[in-house]
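Q: predicted model and sequence follow; I will ask about them next.
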Amino acid sequence: MRVHPVRRVLAPVLAAFALLMAFVAPAQAATITQVTNFGTNPGALRMYRYVPDGLPSGRPLVVVMHGCTQDARGYATDSGWLTIADRYRVSLVLPEQQSGNNANRCFNWFQSGDTARGQGEAASVAQMVQRMKNDYGSTNVYATGLSAGGAMAAVMLATYPDVFSGGAVMAGLPYRCATSLVDAYGCMNPGRDLTPQQWGDRVRAASRHQGPWPTVTVWHGTSDYTVVPANMRELVDQWTNVHGTDTRADLSDTVSGAAHAVYRNGAGAAVVETYTINGMGHGHPVDPGTGPRQCGTAGAYVLDVNICAAHHSAQKWFSLTPATG
């Protein structure tokens, strides 16, 4: 067969170009993968994880828990946590609820058997963390989530305070606000008013841990009628009491339009923080875009309010600037 002169000339050029691209093209991006063998899994949850390519051993780990009707992959993506994992070079554990446990795929933050150390869903999440420690040498561990996932983040901080360094609760509820489904609705709206001591006692009774305790950041919208903002106040009462400080903010300012308050312990360390988003309904705050402080994609229960909660949580937990690997 006769080869066209132009093709004959271009052939070695194209071959060389293809060889060059094989060396300079980036490796395939990391993906969310399922892990099926992570322990006895008494809560019958699914485990997914996201590990950036080339992640060094010993980097931090964030447990990211979705809200009702959501799934692990969608929430991790829309909330901005996948972007943050790449930006700060950290890994993610993404627990996922199954409809067999809860018809709306809510984590069972209100069931006693799922919110006690060594039992149910709380134990399943702890086993996922241990698997990541075994596989990647994960060190500092944090928990976050939205709504039922936010309440479950509070569960993990209370039941495994020796495992978690801190957490961020998005439109969630205090630990042991409810111990049954009937109780849960009253906690969500209008909320349950206990003293700081009563709230703190519930955390202290959840384990034998004597401290230090995880730091807690609470995010809530003023127009949330699903999980009313009173729950933010009760979370502050609970965790300031656990840390042995009062409920009067030591710093009040504004961050990207959100009212921000900081509560410090006797040593001056920030142990509890709140971000109040004026006019925001029930959801996770995001700020879509490619800027260094932006992340997330607006969707159902993921709300564009010009501040990305995942970015600010990561900035507090990991460093003042993103890690470079």
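A: Okay, I see it. Numbers count the residues shown, from 1 in each chain.

Q: CA only for contacts and neighbour counts going forward, please
A: Will do.

Q: count of neighbours near Tyr160?
A: Number of residues near Tyr160 (other CA atoms under 10 Å) recorded here: 23.

Q: if Glu273 is in a bridge, with which residues?
A: Thr217, Val262 (DSSP bridges).

Q: right, I mislabeled it, should have said Val64
A: Applying DSSP bridges, one finds that Val64 bridges with Thr144.

Q: surely it meets Gly145?
A: Yes - Val64 is within contact range of Gly145, at 5.5 Å (criterion: CA atoms under 8 Å).

Q: quick one: low-confidence residue ranges for the stretch 151-300 of the chain.
A: For the stretch 151-300 of the chain, no stretch is flagged by pLDDT under 70.

Q: just the strands from it, written as ranges.
A: Listed in chain order, the strands found in the stretch 151-300 of the chain under DSSP state E, counting those that start in this stretch are 166-170, 215-221, 251-255, 258-264, 270-277, 284-286.

Q: could you do the stretch 1-150 of the chain as well?
A: 33-35, 46-50, 61-65, 91-96, 141-146.

Q: which stretch among the ones you listed comes nearest Glu273?
A: Glu273 lies closest to strand 141-146 among the strands of the stretch 1-150 of the chain, at 13.9 Å (CA to CA).

Q: C-alpha coordinates for that closest one, CSV please?
A: What follows is strand 141-146, C-alpha atoms only, in CSV (Å, rounded to 0.1, in the frame of the first residue of the first chain):
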residue,chain,number,x,y,z
VAL,A,141,-8.8,12.9,62.5
TYR,A,142,-11.8,15.2,62.1
ALA,A,143,-15.6,14.7,61.7
THR,A,144,-18.1,16.8,59.8
GLY,A,145,-21.5,16.4,58.3
LEU,A,146,-24.8,18.1,57.4
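
Q: which elements pack onto it?
A: Judged by 3 or more CA pairs under 8 Å, 6 or more residues apart in numbering; DSSP states H and E, strand 141-146 is in contact with strand 61-65, helix 148-159, strand 166-170.

Q: dump the ones you listed into JSON lines; add mean neighbour count as well.
A: Shown next, in JSON lines, are those (neighbours: other CA atoms under 10 Å):
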{"stretch": "strand 61-65", "mean neighbour count": "26"}
{"stretch": "helix 148-159", "mean neighbour count": "29"}
{"stretch": "strand 166-170", "mean neighbour count": "28"}
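
Q: right, so the strands of the stretch 151-300 of the chain: which one is the most enclosed?
A: strand 284-286 (a mean of 30; mean count of other CA atoms under 10 Å).

Q: so which other helices or strands are in contact with the helix or strand that comes right after that one?
A: Note on strand 284-286: by DSSP states H and E, the next helix or strand toward the C-terminus is strand 302-304. Judged by 3+ CA pairs under 8 Å, 6+ apart, strand 302-304 is in contact with strand 284-286.

Q: the strand it packs on pairs with which strands, parallel or anti?
A: Strand 284-286 is paired, per DSSP bridges, with strand 302-304 (parallel).
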